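*Asks:* Give me coordinates for this.
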Amino acid sequence: MKFKGRTFSYVALSFAAMMSATSFAQKSKKTNEKEIINVTFEHVKAEDVTELNNIDIVGKGISSPTELKADVFHKEATGDMGIPTNVYGKEDPTTENGGEVYAGIVAYKPGKTAGERSYITIQLMKNDSPVTLKKGLTYCVEYSLSLSESSKFACNNLAAYFSKENPGTGEPGAIYVGTDHVLKGQMNKVHNGFFGWEKVCNTYTAKGDEKFITIGNFDRNETTKFEAVKKPKESEADPIAHAYYYIDNVVIRLVDNASECACFNARPPKIEDSFSTLIYDKAPEVTDKMTVDKKIEAHSIYFRQGKASLTENAKENMNFVIEQMNANPAMKIEISGNNDELEVKASKENEDYLDLDRKRVAVAVKYFVAQGIAEERIIKTYKGTSNPSTEIVEDDEQDVKDAKCRRVEFRVKM
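*Replies:* Numbering: from 1, shown residues only. Next up, the predicted model:
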């Protein structure tokens, strides 16, 4: 989403959360006194919590920058906005700091609804006066989250975006920004846990102009890792095609070094954590003037990163090749597999990603044989990363280039 006349600057920070009274105490290196920013919602009155998209009732510099607003839930509220039971499921307040209020955001929706996300923007204030983070100082950012039972999906890329200005005034659509000023959780994993709260944290070194922090997902769906989840059997919440997270206990505190932050000793991110969900999808370009050989070559199939499973489009393309082989019993086919560089790197950490070119050929061969093609008519070759796709063009983003490389190709061998 574009915002009028505004250039976004991004800062890498790690945390995904928000909410509450903001208290700020700066630590000087001489006195070693720590300044803490603590955001919660406890001052919200139950009688004001009556409907969804209600984050603006919080006040105290907390708002939502897009048309779809974040939500606030209250222990003494009724119906959709209650705690522990509300329209999106059931979740008790966190036990860490007690409390009767938490918030919620939409972090992911699929397909045409991808732009329907909500965020929480917090103006950094001390005693109702705006403050700015101090340049060069390191802050530990922590928050708690829980996936709602209504969620059909879970995702990664929950992050905090630091900015000099409020990033929006209610415009429709999602906020997409680069990586420079966006801080994700240290492991940036898919948060797929129902019930109970999970702490997310990371450290951030201030640039010196940060006056606002916004929590949400700032990546496009193509670069967001997501997975389908099943709601608990006992849940009465209606399933919705979204990833919805409750958020609470957002804390920013000044630290002398990263080891003072709870996540410092956590497992470092794995390469597979950054895998894209993008599958390249191009309809075969076939004309009457083309030979059968060329038509078959146009029916390459593509795969998700780290996977060797067939999509419905892949099956349709292979069905075309199978039809040609059935029409010409003497025809043999070479099936060649390819993977991308990131998969090769990931295979050094996790053997599950070894030889994906071979695994992709194997799954294609299995499909051909199941459709009645004798395996003796198939020649198997494995290209790894040595045969870049001819579909790649100069303007392609890296994840698109990778997606075009993750493929199986077919060639006639008479």
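*Asks:* where do the helices sit along the stretch 151-300 of the chain?
*Replies:* Here the stretch 151-300 of the chain has its helices, by DSSP state H, counting those that start in this stretch, at 292-297.
*Asks:* Please parse the chain into its domains.
*Replies:* 36-269, 292-413 (automatic domain parsing).
*Asks:* weakest of those domains by average pLDDT?
*Replies:* Among the domains of the chain, domain 36-269 has the lowest mean pLDDT, at a mean of 88.
*Asks:* So what would you say the end-to-end distance of stretch 386-400 is?
*Replies:* 17 Å (CA to CA, to the nearest Å).
*Asks:* And for stretch 380-394?
*Replies:* Stretch 380-394 end-to-end distance (CA to CA) = 30 Å.
*Asks:* ok, and what's touching that stretch?
*Replies:* Residues outside stretch 380-394 that contact it (CB atoms under 8 Å, 6 or more residues apart in numbering): 280, 282, 334-341, 344, 355, 357-358, 361, 365, 401, 404-405, 407. C-beta coordinates here come from the backbone N, C-alpha and C atoms, glycine included.
*Asks:* Which ones among those residues map onto helices?
*Replies:* 341, 344, 357, 358, 361, 365, 401, 404, 405 (DSSP state H).
*Asks:* Just the buried ones among those residues, please.
*Replies:* 344, 357, 358, 361, 365, 401, 404, 405 (16 or more other CB atoms under 10 Å).
*Asks:* doesn't residue 151 make contact with residue 238?
*Replies:* No: applying CB atoms under 8 Å, one finds residue 238 not in contact with residue 151, separated by 11.1 Å.
*Asks:* Nearest to residue 276, out of the domains of the chain?
*Replies:* domain 292-413 (4.6 Å; CB to CB).
*Asks:* ok, now which ones touch residue 321?
*Replies:* 296, 299, 333, 368, 410 are the contacts of residue 321 under CB under 8 Å, 6+ apart.
*Asks:* okay if I get those residues as TSV plus neighbour count and distance to residue 225?
*Replies:* Shown next, in TSV, are the contacts of residue 321 (neighbours: other CB atoms under 10 Å; distance: CB to CB, whole Å):
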residue	neighbour count	distance to residue 225
296	24	34
299	19	28
333	21	34
368	20	31
410	25	30
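*Asks:* any idea how far the residue nearest to residue 347 when sequence neighbours are not counted lies from residue 340?
*Replies:* Leaving out its chain neighbours, the residue that sits closest to residue 347 by CB to CB, 6 or more residues apart in numbering is residue 353, at 4.0 Å. The spacing between residue 353 and residue 340, counted by CB to CB, to the nearest Å, is 10 Å.
*Asks:* one step back: same drill for residue 238 and residue 151, tell me which one is more crowded.
*Replies:* Shown here are residue 238 and residue 151; by other CB atoms under 10 Å, residue 151 has more neighbours (26 against 11).
*Asks:* unless I'm mixing things up, residue 48 is touching residue 59, no?
*Replies:* No: judged on CB under 8 Å, residue 48 makes no contact with residue 59 at a distance of 10.0 Å.
*Asks:* the more surrounded of the two?
*Replies:* residue 48 (15 against 11).
*Asks:* measure the more buried one to residue 82 for me?
*Replies:* On the measure of CB to CB, residue 48 and residue 82 end up 14 Å apart.
*Asks:* now swap in residue 320 and tell me
*Replies:* Taken as CB to CB, the span from residue 320 to residue 82 is 54 Å.
*Asks:* ditto for residue 397
*Replies:* 43 Å.
*Asks:* Could you do residue 131 as well?
*Replies:* 34 Å.
*Asks:* Then residue 185?
*Replies:* Residue 185 is 28 Å from residue 82, by CB to CB.
*Asks:* Send me the helix or strand where residue 315 lies as CSV with only the CA atoms.
*Replies:* Per DSSP states H and E: residue 315 is located in helix 312-327. Written as CSV, here are the backbone C-alpha positions of helix 312-327 (Å, rounded to 0.1, in the frame of the first residue of the first chain):
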residue,chain,number,x,y,z
GLU,A,312,-2.9,-29.5,-9.6
ASN,A,313,-1.4,-27.4,-12.4
ALA,A,314,1.6,-29.7,-12.5
LYS,A,315,-0.7,-32.7,-13.0
GLU,A,316,-2.6,-31.0,-15.8
ASN,A,317,0.7,-30.3,-17.6
MET,A,318,1.8,-33.9,-17.2
ASN,A,319,-1.5,-35.2,-18.4
PHE,A,320,-0.8,-33.4,-21.7
VAL,A,321,2.6,-35.1,-22.0
ILE,A,322,1.0,-38.5,-21.2
GLU,A,323,-1.6,-38.0,-23.9
GLN,A,324,1.1,-37.4,-26.5
MET,A,325,2.9,-40.6,-25.3
ASN,A,326,-0.3,-42.6,-25.5
ALA,A,327,-0.8,-41.3,-29.0
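*Asks:* mind listing what's buried in it?
*Replies:* Of all the residues in helix 312-327, those buried under the rule 16+ other CB under 10 Å are 313, 314, 317, 318, 320, 321, 322, 324, 325.
*Asks:* For residue 154, see how far away the residue nearest to the spatial centre of the chain is.
*Replies:* Closest to where the C-alpha atoms of the chain average out (CA atoms, centre = their mean) is residue 224, at 3.1 Å. Separation of residue 224 from residue 154 (CB to CB) stands at 11 Å.
*Asks:* before we move on, what about residue 313?
*Replies:* Relative to residue 154, and taking CB to CB, residue 313 is found at 25 Å.
*Asks:* Kindly list the longest strand within the protein.
*Replies:* In terms of residue count, the longest strand belonging to the chain (DSSP state E) is strand 243-255.
*Asks:* That one - contacts with which helices or strands?
*Replies:* strand 36-39, strand 101-108, strand 138-147, strand 153-155, strand 212-217 (3 or more CB pairs under 8 Å, 6 or more residues apart in numbering; DSSP states H and E).
*Asks:* Just put those strands in CSV and tack on distance to residue 203.
*Replies:* Converted to CSV, those look like this (distance: least, CB to CB, whole Å):
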stretch, distance to residue 203
strand 36-39, 14
strand 101-108, 22
strand 138-147, 5
strand 153-155, 23
strand 212-217, 14
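*Asks:* Would you tell me which of those gets closest to residue 259?
*Replies:* Here strand 138-147 is closest among the helices and strands packed on strand 243-255 (CB to CB), at 10.0 Å.
*Asks:* need the strands for the stretch 101-250 of the chain, in chain order.
*Replies:* Using DSSP state E, counting those that start in this stretch, the strands assigned to the stretch 101-250 of the chain run over residues 101-108, 120-123, 125-126, 129-130, 138-147, 153-155, 158-163, 182-184, 198-205, 212-217, 226-228, 243-255.
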